[in-house]
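# Sharing a model prediction with you, sequence too.
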Amino acid sequence: MSEHEMQDFDTQEQLDERVIEIARVAKVVKGGRRFRFRVTVVIGDGHGKIGMGVGKANAVPDAMRKATDRARKDMRKVFTMGTTIPHEVIGRVAGARILLKPASPGTGVIAAGGVRAVLEAAGVRDILTKSLGSANVLNVVMATFQALDSLKSPAVEAARRGKPVEDLMPFWERRKHG
């Protein structure tokens with residue numbers, strides 16, 4: 001294997017892995033309660049590919065391993081435009097609603113908790129977010145994923161509308177071109 005091939009192999013495994021939540025969950029049985037751990041993990045390559053996994057086990061390390069494996073299998077591509085997203089979007093899962101809004105370069109990630117972890121793992125550097133509704137961590141993270149999944153490619157959307165891609169760019173991008 002050449003040095004270049006080895007370098008590609010190393011960079012492929014450089015995934016940003018973040019533990020979102022470790023929760024102790026209980027199952028009520030005849031003799032009392034049985035406790036297990038539920039771990040939620042988000043994984044991303046920092047270049048628009050992210051995945052989420054939930055693992056349950058009697059011990060935290062086992063649950064973490066399961067969650068990480070599931071997150072790797074769940075990897076999906078999200079559309080980004082430079083350091084932000086192409087357009088505003090709202091993600092809804094159960095009672096959780098997440099608003100994601102593109103922001104001009106230098107804004108940073110204006111988000112908290114699980115939403116911040118998901119966006120940073122995806123490689124988004126400038127974005128405005130607002131959590132509307134439920135604060136359930138798992139549902140908020142799933143709503144963020146749903147919002148990112150519903151983002152449309154600027155090129156595909158421009159072709160559908162019969163407009164040049166520049167017309168779909170955020171106003172601060174249009175200012176540079178115009």
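Yep, that arrived. Residues are numbered from 1 along each chain as shown.
# and for the host helix or strand of Arg24, what are the contacting residues?
In this structure, Arg24 sits in strand 16-29 according to DSSP states H and E. Strand 16-29 is contacted from outside by 33-46, 56, 60, 63-64, 68, 71, 113-114, 117, 120-121, 137-138, 141, using Cβ atoms under 8 Å, 6 or more residues apart in numbering. The way it works is simple: take the backbone N, C-alpha and C, and place the C-beta from them, glycine included.
# So which of these belong to helices?
Those of these mapping onto helices are 60, 63-64, 68, 71, 113-114, 117, 120-121, 137-138, 141, per DSSP state H.
# Please, a ChimeraX command that selects the buried ones among these?
In ChimeraX syntax, the buried subset of the ones in helices among the contacts of strand 16-29 is picked out as below (16 or more other Cβ atoms under 10 Å):
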select :60,63,64,68,71,114,117,120,121,137,138,141
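# can I get the ones in helices among the contacts of strand 16-29 in a markdown table with distance to Val25 and pLDDT?
Shown next, in a markdown table, are these (distance: Cβ to Cβ, whole Å; pLDDT from 0 to 100):
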| residue | distance to Val25 | pLDDT |
| --- | --- | --- |
| Val60 | 12 | 93 |
| Ala63 | 10 | 94 |
| Met64 | 15 | 94 |
| Thr68 | 19 | 94 |
| Ala71 | 19 | 93 |
| Gly113 | 19 | 85 |
| Gly114 | 17 | 87 |
| Ala117 | 21 | 91 |
| Glu120 | 27 | 90 |
| Ala121 | 24 | 90 |
| Val137 | 13 | 91 |
| Leu138 | 11 | 91 |
| Val141 | 16 | 93 |
